[in-house]
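Asks: Quick one, what's the 3D model for this:
(chains A and B)
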Amino acid sequence: MGMTIVEKILAKASGKASVKPGDVLEPEVNVAMSHENAALVINQFNEVFQGTNIAPKVWDPERIAIIFDHRVPAESSKTATNQKKIRNFVKANGIKKFHDIRSDEGGICHQILAEYGYIRPGYVVVGTDSHTTTHGAFGAFSFGIGATEMASVWSLGTVLNVEVPETIKVIVNGKFKDNVYPKDLILYIIGKLTAQGANFKVIEFHGEAIRNMPMSGRLVLCNMSVEAGATSGVVPGDEETARYLKEAGVKDKIENVLPDADAKYCRIVEIDANELEPQIALPHTVDNVKPISKVDKVKIDQIVIGSCTNGRLDDLEIAASILKGKKVAEDTRMLIFPASWNIYKKALKQGLLEIFSDSGAIIMNPGCGCCLGVHQGALGDGETALSTTNRNFKGRMGNPKGDVYLCSPATAAASAVTGYITSPEKGVK
Amino acid sequence: MSKVIYIFGDDISTDAIYPGRYMATVLPTETPQFCFADYTELNKKLVAKEYPAGSVIIGGNNFGCGSSREQAASTILGHGLVVITKNYARIFLQNAINLGLNLITCPDIEAEPGDEIELKGDKVINKTKGKEFSTIPLPAARMAIVEAGGLIPYTRKKVVQKYS
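Replies: Reported below is the predicted structural model:
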């Protein structure tokens, strides 16, 4: 019987000729990523070895990545102490893929794994972050796990008791209207599937619109697949995957893992990209999605462009093209978080940061910023944010009495100018 | 016999269980203070230890969706709460199993705050309503971790094998 991409990856990583949904495997891990929550992983990792008379030892320091992004620079003494503990562990264990709070290596974990060429098609990637689904954009099986499970991976190099997930095939044909972006597509898909529609399943993306999409867009689709509950999103590798990895400095030959023609899918969803208009996720669930023409004129207090979803260079370029020569509306504030320092520096060179600062937007340091409500831009009681981030749960931006709407960078920039939710004009690209 | 202390709706995220602003606190011994922090009354009573261990919270569909933060499982575990919901999001379910938190999947559960609940074999009995509900057991692969007492002892055994 034919296999899907993830079935093929899992078969190979577990030394099996073939697998089917429901099989329980112990696949080998190629990349194991953590961020500040490595502090808890270290704690659990030491627990694993407790009472064994074996000195705690990571299985392979080359395959572990630790990237500081959730609270950079530290917002509290507690975080700073956790970061210090992690730095010491990194040194003691010789962990190579470590990215500290520095402008010559730092950024959001999911952007760093991508732009440093750490991921290859066919890899098994785990991360102590639910948006680890992002790396399926490279044709890898990439999924989020908890800290204790990561401690187990650090100890053994495998993920224990992985159940082979079923796969949903999403086929997107046609061409996007020129004010519609990958973010609008994934919001539409989440609205259609619902927040639990892909629970315990993989979403495999196919079709003309996906093949024509640059890696930056594929990363957006896979990043937010988890908002439909998916274990992972995955895009078949192609020339675009190879181009991106080559640009990221990868020299080894890229071997794509592609699905068999007779692979079995639990559901097939077809979408015509021509039909889509800009989409908005309304408070307080990501699947509460409406086309922008059906959304009321909502006044916005805080606009956010950034995150592991939409803080890439092309996102900043689109926003700058809309904001150029314009001002952020009075009574609205705008925060911009480039997803990495590499992106920050490119945006600086291209003059994008100047456009933003002339418009009145605040340029923040790369990192997760206010997305998860820890620091750098909390909402006041009764305030509303429009954000290119990935979650709008109650309390997400630091205040359960605030509302968060989600959109594309183009919609965010157009709305920054007017001060209320506004559709980007056609022809802004 | 245990009392239902709170009924949640669908799609309760890990941000609702353990808000992001407390994520610098990671140790399972320290996370219980922030359990359901934005449900101010519930949190106050939990922290004041007004609910005995074994008290029941009821959820709808997709309980624990969102972030992979393990604090969401350890904070509930710290209060000894029993969670009964229609179904769970994947990472939260796995985190709970890994830490040994008792999650019960009961698709047809009906209950109100104050109802007396008894767990009997694979049934949830609502004594107050005089009704019985079936539960869905964990798959065998996950049960193995529960039976080992959580993922740490489960992995410890494998580590000992690996280095011996």
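
Asks: And the contacts of the longest helix seen in chain A?
Replies: In chain A, with assignment by DSSP state H, the single longest helix is helix A:77-93. Here helix A:77-93 makes contact (Cβ atoms under 8 Å, 6 or more residues apart in numbering or on different chains) with A:36, A:38-39, A:42, A:57-58, A:61, A:64, A:66, A:68, A:71, A:74, A:95, A:98, A:100-101, B:24-26. Placement of C-beta: from N, CA and C, glycine included.

Asks: Which residues of the stretch 151-300 of chain A lie near chain B?
Replies: Residues of the stretch 151-300 of chain A that fall close to chain B, judged by Cβ under 8 Å from any Cβ of the partner chain: A:151-152, A:155-156, A:160-161, A:163, A:195-196, A:199-200, A:229, A:231, A:285.

Asks: got those residues as a markdown table, with neighbour count, secondary structure and pLDDT columns?
Replies: Shown next, in a markdown table, are these (neighbours: other Cβ atoms under 10 Å in any protein chain shown; DSSP: H, G, I helix; E, B strand; the rest coil; pLDDT from 0 to 100):
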| residue | neighbour count | secondary structure | pLDDT |
| --- | --- | --- | --- |
| A:A151 | 29 | helix | 98 |
| A:S152 | 29 | helix | 98 |
| A:S155 | 24 | helix | 98 |
| A:L156 | 19 | helix | 98 |
| A:L160 | 20 | coil | 94 |
| A:N161 | 21 | coil | 88 |
| A:E163 | 18 | strand | 94 |
| A:A195 | 24 | coil | 97 |
| A:Q196 | 21 | coil | 96 |
| A:N199 | 21 | coil | 97 |
| A:F200 | 17 | coil | 96 |
| A:G229 | 24 | coil | 97 |
| A:T231 | 28 | coil | 98 |
| A:T285 | 23 | coil | 97 |
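
Asks: got the domain boundaries for chain A?
Replies: What automatic domain parsing lists as the domains of chain A is A:5-271, A:279-418.

Asks: Redo those as TSV? Include distance to B:T14.
Replies: As requested, these are exported to TSV (distance: least, Cβ to Cβ, whole Å):
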stretch	distance to B:T14
domain A:5-271	8
domain A:279-418	9
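
Asks: hang on, the earlier thing: show me what counts as buried in the longest helix of chain A.
Replies: Going by neighbour count (16 or more other Cβ atoms under 10 Å in any protein chain shown), the buried part of helix A:77-93 is A:K78, A:T79, A:N82, A:Q83, A:I86, A:R87, A:F89, A:V90, A:N93.

Asks: how far does it sit from the chain's center?
Replies: Counting by Cα atoms, centre = their mean, to the nearest Å, helix A:77-93 is centred 24 Å from the centre of its parent chain.

Asks: Which other helices and strands does the next helix or strand after that helix contact?
Replies: Going down the chain from helix A:77-93, the next helix or strand is strand A:97-99, by DSSP states H and E. When contacts are defined as 3 or more Cβ pairs under 8 Å, 6 or more residues apart in numbering or on different chains; DSSP states H and E, strand A:97-99 packs onto strand A:64-67.

Asks: Give the pairing partners of the strand it packs on; include direction for each.
Replies: strand A:31-34 (parallel), strand A:97-99 (parallel) (DSSP bridges).
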